[in-house]
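S.K.: Fold the following, please.
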Amino acid sequence: MLFNFGPRSSILLIFFFHGVVFAYLLFKKSLQYKQVSSRWLGGFTLLCCLYICPWMLGHAGWYANQPYRNILFYVPTQQVFLLGPFIYFYTQSLLNNSFRFRKRDWLHFVPGFLYLLYSLVVFLTDMVILKEYYFYENQRDKDLATWYQLAGLGSMGIYFWVSLRVYNHYKKRTYQELSFADQVQFKWVKRYLWAFMLMLLFRVTFLLIYPNWGSFPKKWWYYLFFALLFYYITLSGYANTIRSNIYFDADEPEGLPQNEVKSEDLEALEKIVEPDAEIPKPSFENIDYQYWKQKVLTLMEEDKLYKNQLLKITDIAEALQTNARVISRLINQEFEMNFNDFVNHYRVQAVKEQIDQQAHENYTLLGIAMECGFNSKTTFNRAFKKFLDMSPRAYLNQEYKMSK
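M.R.: Next comes the predicted model:
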């Protein structure tokens with residue numbers, strides 16, 4: 001098989017080979033551990049490997065020699081309409097534990113399938129029916145057509161925005177439901193989304209500099225940047241395989257009216273445990289917030305639930321024999337905080353009390369923080385500064401000066 005090993009073709013070949021290997025490993029992991037997210041990332045990686053093929057094989061001599069030129073002409077390697085949906089569904093499957101690929105989700109792939117159909121028509125017309133170049137009379141690869149590249153750029157931009165919206169919705173839900181939200185932010189997810197955005201920015205830059213997308217040698221640098229970025233995304237995804245335990249509908253609006261709940265939301269809620277006869281059963285239309293507020297305060301101030309480093313809003317809901325949505329609305333409305341801040345506020349106050357009682361003379365600040373429910377130094381420092389407007393060390397120094 002023809003392959004002229006030059007600096008440009010060889011460098012892209014390295015990324016291509018590694019990408020194929022990682023795609024195989026991701027598909028294997030998907031089957032072995034039933035990780036749907038690995039399957040989507042493997043598909044994205046494989047599409048990226050195919051995407052760099054025209055420049056890798058072109059610099060290896062394929063466009064200048066037959067039958068290799070026809071292979072590049074008639075095999076649609078640059079599936080720009082599929083890159084966006086794959087990164088979107090990868091993000092969905094990673095962050096949303098309730099995600100299931102539904103029949104209507106196939107609509108996301110219609111543009112990509114239509115382009116494949118178009119490529120098939122071009123091949124059959126030129127190579128089977130007419131047996132001469134008709135669509136390829138100008139000897140320009142259809143994958144590199146400006147209209148196709150611009151349309152693909154728009155598609156990828158839309159899916160980047162939607163994927164980022166899924167991440168932001170996930171982040172908001174963690175702060176509403178978990179007291180350890182900082183530990184499950186999957187910041188690398190946001191980083192790979194920004195890497196995906198850099199792909200788009202590089203494409204826009206090169207389109208502005210070289211409007212003719214088929215400007216072959218000059219745009220090799222774009223494909224090098226693209227290869228570096230998709231390699232980073234693949235490595236990040238392969239190394240970070242933890243999946244979220246958060247369940248949500250990514251299409252759910254940011255906030256619902258206080259007395260209005262969609263039927264599908266109600267079906268997704270945890271079933272209410274039958275309480276004692278004297279405890280009123282809450283409903284979304286008529287909630288006695290003051291009653292439930294006192295119950296929550298008792299749990300936090302007397303039972304000190306905030307000391308549980310892995311406290312979730314469902315833990316409070318179960319303790320009060322109600323559902324998580326009621327508690328979430330209660331905390332948002334009555335305390336004007338999300339659940340994460342609500343619990344961390346109690347933890348900060350507990351640390352402050354321990355310092356005031358000179359506990360720091362026998363224990364480290366981090367040890368006190370851990371005892372009060374924090375599970376990381378970073379989260380402790382951030383929460384302490386948020387609620388007291390100073391760092392734990394600054395507060396300790398202030399107390400030391402005041403005690404003199």
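S.K.: alpha carbons only for contacts and neighbour counts from here, please
M.R.: OK.
S.K.: Buried residues in stretch 34-42, which are they?
M.R.: 35-42 (16 or more other Cα atoms under 10 Å).
S.K.: Do a quick rundown of the strands in the protein.
M.R.: In the chain, no strands are found when defined by DSSP state E.
S.K.: can you list the domains in it?
M.R.: 7-239, 274-403 (automatic domain parsing).
S.K.: With respect to those, which exhibits the lowest mean confidence?
M.R.: Mean pLDDT is lowest for domain 274-403 out of these, coming in at a mean of 87.
S.K.: mind checking how far that one is from the chain centre?
M.R.: Centroid separation between domain 274-403 and its chain, computed with Cα atoms, centre = their mean, to the nearest Å, is 28 Å.
S.K.: and if you look at stretch 204-222?
M.R.: Chain-centre distance of stretch 204-222: 29 Å, with Cα atoms, centre = their mean.
S.K.: same question, stretch 39-57
M.R.: 20 Å.
S.K.: Give me the contact list for it.
M.R.: Residues from elsewhere that reach stretch 39-57, judged by Cα atoms under 8 Å, 6 or more residues apart in numbering: 3, 8-10, 12-13, 15-16, 19-20, 22-27, 30, 63, 72, 77-80, 82-83, 86-87, 89-90, 216, 220, 223, 227, 230, 234, 237.
S.K.: got the CA positions of it in CSV?
M.R.: Output in CSV follows, covering the C-alpha atoms of stretch 39-57 (Å, rounded to 0.1, in the frame of the first residue of the first chain):
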residue,chain,number,x,y,z
ARG,A,39,-19.0,3.8,23.5
TRP,A,40,-19.9,7.3,22.6
LEU,A,41,-16.4,8.5,23.2
GLY,A,42,-15.0,5.6,21.2
GLY,A,43,-17.2,6.6,18.3
PHE,A,44,-16.2,10.3,18.6
THR,A,45,-12.5,9.2,18.6
LEU,A,46,-12.9,7.0,15.5
LEU,A,47,-14.7,9.9,13.7
CYS,A,48,-11.8,12.2,14.5
CYS,A,49,-9.3,9.6,13.2
LEU,A,50,-11.2,9.5,9.9
TYR,A,51,-11.4,13.3,9.9
ILE,A,52,-7.6,13.7,9.6
CYS,A,53,-7.3,11.1,6.9
PRO,A,54,-7.5,13.4,3.8
TRP,A,55,-4.5,15.4,5.1
MET,A,56,-2.6,12.4,6.4
LEU,A,57,-3.1,10.3,3.3
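S.K.: Residue 178 touches residue 339, doesn't it?
M.R.: Yes: using Cα atoms under 8 Å, residue 178 is in contact with residue 339, at 6.7 Å.
S.K.: if you count what's nearby, which of these two comes out ahead?
M.R.: residue 339 (27 against 24; other Cα atoms under 10 Å).
S.K.: And for the residue nearest to that one when sequence neighbours are not counted, the neighbour number?
M.R.: Excluding the flanking residues, the one nearest residue 339 by Cα to Cα, 6 or more residues apart in numbering is residue 176, at 4.8 Å. A total of 25 residues lie near residue 176 under the criterion other Cα under 10 Å.
S.K.: need the contact list for residue 8.
M.R.: 56, 59, 220.
S.K.: how close does the closest residue to residue 308 other than its chain neighbours get to residue 175?
M.R.: Nearest non-adjacent residue to residue 308, counting by Cα to Cα, 6+ apart: residue 373, 5.4 Å away. The gap separating residue 373 from residue 175 is 16 Å, by Cα to Cα, to the nearest Å.
S.K.: out of these two, which sits in the busier spot?
M.R.: Taking other Cα under 10 Å, residue 373 and residue 175 do not tie; residue 373 has more neighbours (26 against 21).
S.K.: ok, that one - contacts?
M.R.: 306-309, 347.
S.K.: give me that answer again for 6 Å
M.R.: By Cα atoms under 6 Å, 6 or more residues apart in numbering, the contact list for residue 373 reads 306-309.
S.K.: Now do the phi/psi pair for it.
M.R.: With angles defined as degrees, to the nearest 10, residue 373 sits at phi 120, psi -20.
S.K.: From residue 346, how far out is it?
M.R.: For residue 373, the distance to residue 346 - Cα to Cα - is 9 Å.
S.K.: what about residue 327, neighbour count?
M.R.: 23.
S.K.: Spatially nearest residue to it (excluding sequence neighbours)?
M.R.: Nearest to residue 327 is residue 317, by Cα to Cα, 6+ apart, at 6.5 Å.
S.K.: what's the neighbour count on the one you found?
M.R.: So residue 317, with other Cα under 10 Å, has 20 neighbours.
S.K.: gap between residue 218 and residue 151?
M.R.: 21 Å.
S.K.: can you check residue 376 too?
M.R.: 45 Å.
S.K.: And residue 143, by the same measure?
M.R.: Taking Cα to Cα, one finds residue 143 at 12 Å from residue 151.
S.K.: if you count what's nearby, which of those two comes out ahead?
M.R.: Taking other Cα under 10 Å, residue 143 and residue 151 do not tie; residue 143 has more neighbours (24 against 14).
S.K.: ok, the more buried one to residue 125 distance?
M.R.: 17 Å.
S.K.: again, but for residue 377
M.R.: Taken as Cα to Cα, the span from residue 377 to residue 125 is 66 Å.
S.K.: Counting neighbours, what do you get for residue 294?
M.R.: Neighbours around residue 294, by other Cα under 10 Å: 11.
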